[in-house]
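Q: whatever this is, show me its structure:
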Amino acid sequence: MFHRSSSNRHRVPWNKGKLMGQKLPLSMQEIWSIRLRLQNIGNLRDLALFNLAIDSKLRACDLLSLRVSDVASGKKVQSRAIIRQRKTKRPVRFEITARTRKSIEDWIEAANLAENAFLFPSRLSNSPHLSLRQYARVVESWVSSIGLDSTAYGTHSMRRTKATLIYRRTKNLRAVQLLLGHSSLDSTVRYLGIEIDDALEMSEQIDV
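A: Okay, here's the model as predicted:
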């Protein structure tokens, strides 16, 4: 009979006690509040990470495994990039806005990162780049710093934020599907939760 070791039996999952449902996207005001705070305290790594997370709309695993060469040529960060997603094995393109490019270039220079280095290396010796757990803690610190309930937000908030803003502004679901790298529109609809949002929006416009 198989018996679990004592260490396994008493190991506490890192996400125990955390709300693991669909996470909220950030609003424009919340984006700027976090961005300005990171600028004011001079946290170059987190500012680059935050800006790129919003722009790229990548899953956390893909964002954290980016190397300098994925987004930059020499010391110059490109305006667009393409990677192959780990989950789907499908390529996805993303834009890197001027503000994000500047923050990444500042971070690369300050950290003296080589071209083949991970863009966001870990400070822990057992991990070559930021781990999902470390990233989750960083995101939690961002949202908590501006007074948001950290249980309502998470790493997927970063992926959902710009996609949600684009959909709300354009209602172009196909464009959002391509930007997220989803294989079907149904996946995008479920991911953004837009059916209920649109239904409520229409309902609010009718006063009976």
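
Q: which SSE is immediately downstream of the helix-or-strand element of the chain with minimal mean pLDDT?
A: Least confident helix or strand, the chain: helix 6-9 with a mean of 46, by mean pLDDT, DSSP states H and E. Counting by DSSP states H and E, the next helix or strand C-terminal to helix 6-9 is helix 28-41.

Q: give me the helices and strands touching that next one, please.
A: With contacts taken as 3 or more CB pairs under 8 Å, 6 or more residues apart in numbering; DSSP states H and E, helix 28-41 sits against helix 44-56, helix 132-145. To be clear about C-beta, it is placed using only N, CA and C from the backbone, and glycine gets the same treatment.

Q: buried deepest among the ones you listed, which one?
A: helix 44-56 (a mean of 23; mean count of other CB atoms under 10 Å).

Q: and the angle from that one to helix 132-145?
A: Angle, helix 44-56 to helix 132-145, by axes from the mean of the first three to the mean of the last three CA atoms, to 10 degrees: 90 degrees.

Q: ok, Tyr153 - contacts?
A: Applying CB atoms under 8 Å, 6 or more residues apart in numbering to Tyr153 gives the contacts 23-24, 26, 139-140, 143.

Q: just want the angle from the strand or helix carrying Thr100 to helix 28-41.
A: Assessed by DSSP H and E, Thr100 sits inside helix 98-111. Using the same axes, to 10 degrees, the direction of helix 98-111 lies 30 degrees away from that of helix 28-41.

Q: Ala81 should be in a strand, yeah?
A: Yes: using DSSP: H, G, I helix; E, B strand; the rest coil, the assignment for Ala81 is a strand.

Q: for it, give its distance to Leu58.
A: In this view, Ala81 and Leu58 are 10 Å apart by CB to CB, to the nearest Å.

Q: shared neighbours, those two?
A: Phe94.

Q: who's more crowded, those two?
A: Each of Ala81 and Leu58 has its neighbours counted (other CB atoms under 10 Å); Leu58 has more, 23 against 20.

Q: the more buried one and Arg84 touch, don't they?
A: No: if you go by CB atoms under 8 Å, Leu58 and Arg84 don't touch, sitting 11.3 Å apart.

Q: between those two, which contacts overlap?
A: The contact sets of Leu58 and Arg84 overlap at Val92 (CB under 8 Å, 6+ apart).

Q: could you identify the longest helix within the chain?
A: helix 155-170 (DSSP state H).

Q: and after that helix, which helix or strand comes next?
A: Assigned by DSSP H and E, the successor of helix 155-170 is helix 173-180.

Q: so which other helices or strands are in contact with the helix holding Thr100?
A: Checked by 3+ CB pairs under 8 Å, 6+ apart, helix 98-111 has helix 44-56, strand 72-73, strand 76-77 packed alongside it.

Q: tell me the contacts of Lys76?
A: Listed by CB under 8 Å, 6+ apart, the contact set of Lys76 reads Glu105.

Q: quick check: bridge partners of it?
A: Ser73 (DSSP bridges).

Q: roughly how far apart are it and Leu179?
A: To Leu179, Lys76 is 23 Å away according to CB to CB.

Q: and for the helix holding Thr100, what's in contact with it?
A: By CB under 8 Å, 6+ apart, the surrounding residues in contact with helix 98-111 are 44-45, 47-48, 51-52, 54-55, 68, 71-72, 75-79, 96, 113, 119, 121.
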